[in-house]
Structure formats: structure tokens, C-alpha cells
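Engineer: Dropping a prediction and its sequence here:
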Amino acid sequence: MGIITTVIIGFIVGLLARALKPGNDRMGLIMTTLLGIAGAFLARYIGVAMGWYTQGEPAGWIASIVGAIVLLFLYGLVAGRRHR
């Protein structure tokens, strides 16, 4: 998969994760894209560790979105503590 494809898929996954998670998550386009890409990597890492995916197999859309939501929740916890 090329870099452009990874960025586009990461952006879509990041947008879907932000739309599905309740609350106000103020992020720009770049942070949304990085969130989606990191969510896909997290889902793939956990999937390989649990035996759901083989090494080198990309994570699916749903797993990527769930991974991005987990990262978004963790980001909210860290950012919430900083602003108090």
C-alpha cells in the first residue's frame, strides 16, 4: 500500500472514529489523519498478538476504527488532565 493510500485511509478512519465517539474532540486534519493511521497500527498489533491476523496482514476497517477510538479516548484523558 502506498503512502498516499495510507494517508487517505487514515483520514477516513480518523473521521469515522471522531464521529462515533461522543464529545468534543478538537483536532485538525493532520491530527485526525494521524489518529486514523495510529489506530490502524494499534489494531494490527493487537490483532497479531491475539492471533486474529497474520504478520504483515493489514487490520480491517472496523478494527482500525475501534483502535482509533481507543486512542482518541486515551488522548482525551491525557489532554483533559492538562487543561485542568
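Structural biologist: All right, it came through fine.

Engineer: quick one: low-confidence parts of this protein?
Structural biologist: The model of the chain has pLDDT under 70 over residues 1, 81-84.

Engineer: ok, 90 please
Structural biologist: Along the chain, segments meeting pLDDT under 90 span 1-68, 71-84.

Engineer: For it, which segments are assigned as helices?
Structural biologist: 3-20, 29-50, 61-82 (DSSP state H).

Engineer: now those helices in TSV, with mean neighbour count?
Structural biologist: (Each C-beta comes from the backbone N, C-alpha and C, glycine too.) Converted to TSV, the helices of the chain look like this (neighbours: other C-beta atoms under 10 Å):
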stretch	mean neighbour count
helix 3-20	17
helix 29-50	18
helix 61-82	16
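
Engineer: Look up how far residue 30 lies from residue 3.
Structural biologist: Remark: distance between residue 3 and residue 30 (C-beta to C-beta, to the nearest Å) = 14 Å.

Engineer: Please apply the same query to residue 42.
Structural biologist: When residue 42 is compared with residue 30 (using C-beta to C-beta), they lie 18 Å apart.

Engineer: try residue 69
Structural biologist: Residue 69 is 19 Å from residue 30, by C-beta to C-beta.

Engineer: residues touching residue 33, list them.
Structural biologist: By C-beta atoms under 8 Å, 6 or more residues apart in numbering, the contact set of residue 33 is 7, 10, 11, 14.

Engineer: for these, which one is nearest residue 35?
Structural biologist: residue 14 (4.3 Å; C-beta to C-beta).

Engineer: need the contact list for the residue lying closest to the closest one once chain neighbours are set aside.
Structural biologist: Nearest residue to residue 14, sequence neighbours excluded (C-beta to C-beta, 6 or more residues apart in numbering): residue 36, at 3.2 Å. Each residue near residue 36 by C-beta under 8 Å, 6+ apart is listed here: 9, 10, 11, 12, 13, 14, 15, 17, 64, 68.

Engineer: what's the nearest residue to the last one if we skip its chain neighbours?
Structural biologist: It stands for residue 68. Nearest non-adjacent residue to residue 68 (C-beta to C-beta, 6+ apart): residue 39, at 2.7 Å.

Engineer: which residues touch residue 32?
Structural biologist: 11, 14, 15, 18.
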